[in-house]
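K.L.:
Quick one, structure for this:
(chains A and B)
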Amino acid sequence: MSRHCGGAPAPSRESRALRTDTRVSIRRVIGLAVVAVAFVLAAVASHAETAPLPVTEIAPGIFVHNGLHEEASAANEDAIANIGFIIGDDNVAVIDPGGIFAEGSRLRAAIRSRTDRPIRYVILTHVHPDHIFGAAAFRDDHPDFVGHAKLPGALTQRGKYYLRRLRGAVGDEAAGSEIVPPTVLVSDRLDLDLGKRRLVLRAHGAAHTDNDLSVFDENTQTFWLADLLFVDRIPVIDGSIVGWLKELKTLTAIPADRAVPGHGPPSVPWPAATEPEQRYLETVAQDTRAAIKAGIGIAEAHRHVANSERGQWLLFDDYHPRNVTASYKELEWE
Amino acid sequence: MGVTRSMLRRAGFSLLLLLLALGGTAHAERSETERAARWTELQHAIFGDRVVEDAGDRVAIDAPARAEDAAIVPVAIQVADALAPQVRELYLVIDDNPSPLAAHFVLGPLADPREIATRVRIDDYTYLHAIAEAADGRLYGTARFIKASGGCSAPAAKDQALARERLGKMKLTFGERTNHDSPVIAKLLISHPNNSGLQKDQVTQYFIPADFMQTLKVTYNGQPVFQLDSDIAISEDPSFDFRFHPPPSANPGEIKVEVLDSSQRQFIGTWPVAPAPQM
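P.N.:
Now for the predicted structure:
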């Protein structure tokens, strides 16, 4: 197995400690070794009974688990987003570790049933819990946790609230789910090499959230957009409606053979699959501006905005009023 | 010194959070009797031994029965024509919020108290109370139940960079005015996180300090329209719709807005007000 397995500390730090205080360090090393062995045993035991998450290979080496079009609950274990992984010649990148620890573990089991290559990167596409609160399941692999430069700030502001809400919605099943801050930040662009396979990560301006990352797999020309792209399920505006429309213009100019939306089928035609989302966002922006101009209040505005979109989207009534409130708050400053 | 102060602040916020958490569980299944007892307690805390009379149809609260977003609940206090000329102060109380007195307006002679609106955070299913205080000291109260929860600790600032950049910016727009007798209807927006201080930094485990608007003063040509004392119950990017009557004049006047926040930052904005069109 690779150097990534097990929970032993990095050797350099220990040898430094040995020089300064041998007795204490030896005790620490023994203690840590016991803990590490316990961890490995526990990990082996738990992985043995962890059923791999079902995934689809949408292009060579790219695997996607198709999230359910539901709200997070104990029954669905918060497995509501499209998450997955990409296997290179040398190592593996996870793109979103899933909504809770259990989903992350099952995703890890799906990887391990296909390859022994080290899980080198866990990419956190944005702050929302259904995508990243399973990250702790990959801690023992010691990957780089890669996120947008604004992800730490967003986690600071919202992490605890999300965790509390997740525990409320999912209950005991949320056990082990934690906030894992990114260890590598992307402020513009970052290329990751998986071994004869390059992933291009782009950090976007405020759109779905203010910390969206997209991933482009050059080998298969697959554009993994996460929640920058919603298909079938209503988009959630939690960044900037104006910014999202702007990002979509830039994104759709980039050629690709297919895209992976954050919610929707695991693989969709590009850029055609962005059309409903663009239409929804444009309609919401236009109607909300009209509502503000007509003096309609923020609470009533959703009744007057984008009614033509009802019936076009799953979970419309769950998210549309909030989308309009968010857009109203943004657009009233224009 | 600095350490002590920050420790004290942290202890204070921990206590606040604890109280909020305890309050939250206690509130979950409140009976009407408990709600009434809560209001009695609050009345005593805010008004002492003074009696709050039932306002009947003289004071009303306009708010959605169920809020779509508990962090941004629009609430309007309305005062009937008959009572309006006597009203000097308005109170908005959100009974089950961690800090229940959400807003206290002191109205100047130019204010038109018939409608004043803002947006608030609501932490739990609760009664809202609006109380109008007349010049003779009598208090007229009304209540409205609202279903919303989680508004005080809910995440805010969808675009944090923009929020920082826009801090303290204000926007004031006026409704159409038909003649000298009709009030000027103004909509004021203030860009401010109005942070509750109830979020905790995951990395440092420190609480993000509360940062909110403490007072808002609106004047017209130096004459008070209203002054507001408020705190974290007002939503992020505070919004106020208010009415006032500029003294008759053929010349344009100026409205001035002064904000003081809990970090002792002051923000000032001024806007010209066109004279009413001649009949």
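
K.L.:
for chain B, what are the low-confidence residue spans?
P.N.:
Applying pLDDT under 70 to chain B flags the ranges B:1-29, B:153, B:155-156, B:196-208, B:278-279.

K.L.:
and B:E41, that's in a strand?
P.N.:
No. Read with DSSP: H, G, I helix; E, B strand; the rest coil, B:E41 is helix and lies in no strand.

K.L.:
A:D287 in helix, strand or coil?
P.N.:
Following three-state DSSP, the label given to A:D287 is helix.

K.L.:
isn't it right next to A:A306, touching?
P.N.:
Yes. Contact criterion C-beta atoms under 8 Å: A:D287 and A:A306 qualify, at 5.4 Å. C-beta here means a position set from N, CA and C on the backbone, and glycine is covered the same way.

K.L.:
more crowded one of the two?
P.N.:
The residue with more neighbours, out of A:D287 and A:A306, is A:A306; 24 against 20, by other C-beta atoms under 10 Å in any protein chain shown.

K.L.:
Excluding chain neighbours, what is closest to the more buried one?
P.N.:
Distances taken as C-beta to C-beta, 6 or more residues apart in numbering or on different chains place A:T283 nearest to A:A306, at 4.4 Å, with adjacent residues excluded.

K.L.:
For that neighbour, give me phi and psi.
P.N.:
phi -70, psi -40 (degrees, to the nearest 10).

K.L.:
Surely it touches A:R310?
P.N.:
No. Contact criterion C-beta under 8 Å: A:T283 and A:R310 do not qualify, at 11.0 Å.

K.L.:
Tell me which of these two has more neighbours.
P.N.:
Per other C-beta under 10 Å, whichever of A:T283 and A:R310 has more neighbours is A:T283, with 16 against 11.

K.L.:
For that one, list the residues it contacts.
P.N.:
Residues near A:T283 by C-beta atoms under 8 Å, 6 or more residues apart in numbering or on different chains: A:305-306, A:308-309.

K.L.:
cool, and B:A186?
P.N.:
Neighbour list for B:A186: B:172-175, B:241-244, B:255 [criterion: C-beta under 8 Å, 6+ apart].

K.L.:
Give me the distance between it and B:E115.
P.N.:
Distance of B:A186 to B:E115, given as C-beta to C-beta, to the nearest Å: 11 Å.

K.L.:
and what of B:F212?
P.N.:
From B:F212 over to B:E115 the distance is 24 Å, taken as C-beta to C-beta.

K.L.:
likewise A:P255?
P.N.:
In terms of C-beta to C-beta, A:P255 sits 55 Å off from B:E115.

K.L.:
now the helices for chain B?
P.N.:
Applying DSSP state H to chain B gives helices spanning B:2-27, B:32-47, B:160-166.

K.L.:
helices or strands next to the helix or strand A:L229 falls within in the packing?
P.N.:
For A:L229, the host element (DSSP states H and E) is strand A:222-230. Counting contacts by 3 or more C-beta pairs under 8 Å, 6 or more residues apart in numbering or on different chains; DSSP states H and E, strand A:222-230 packs against strand A:213-217, helix A:241-252, strand A:258-263.

K.L.:
of those, which approaches A:L331 most closely?
P.N.:
Closest to A:L331 of the helices and strands packed on strand A:222-230, according to C-beta to C-beta: helix A:241-252, at 7.3 Å.

K.L.:
elements contacting that closest one?
P.N.:
Judged by 3+ C-beta pairs under 8 Å, 6+ apart, helix A:241-252 is in contact with strand A:222-230, helix A:275-293, helix A:316-331.

K.L.:
tell me which residues of the second one are tucked away?
P.N.:
Residues of helix A:275-293 classed as buried: A:276-278, A:280-281, A:283-285, A:287-289, A:291-292 (neighbour count, 16 or more other C-beta atoms under 10 Å in any protein chain shown).

K.L.:
I'd assumed A:G104 was in contact with A:L53.
P.N.:
No. Between A:L53 and A:G104 there is no contact under C-beta under 8 Å: 9.2 Å.

K.L.:
who's more crowded, those two?
P.N.:
Between A:L53 and A:G104, counting by other C-beta under 10 Å, A:G104 is the more crowded of the two (29 against 24).

K.L.:
list the contacts for the more buried one?
P.N.:
Taking C-beta under 8 Å, 6+ apart as the criterion, A:G104 is in contact with A:97-98, A:134-138.

K.L.:
Sheet partners, orientation included, of the strand holding A:L229?
P.N.:
strand A:213-217 (antiparallel), strand A:258-263 (parallel) (DSSP bridges).

K.L.:
Run the angle between that strand and helix A:241-252 for me.
P.N.:
Counting by axes from the mean of the first three to the mean of the last three C-alpha atoms, to 10 degrees, strand A:222-230 points 160 degrees away from the direction of helix A:241-252.

K.L.:
gap between strand A:222-230 and the chain center?
P.N.:
Taking C-alpha atoms, centre = their mean, to the nearest Å, one finds strand A:222-230 lying 10 Å from the centre of the chain it belongs to.
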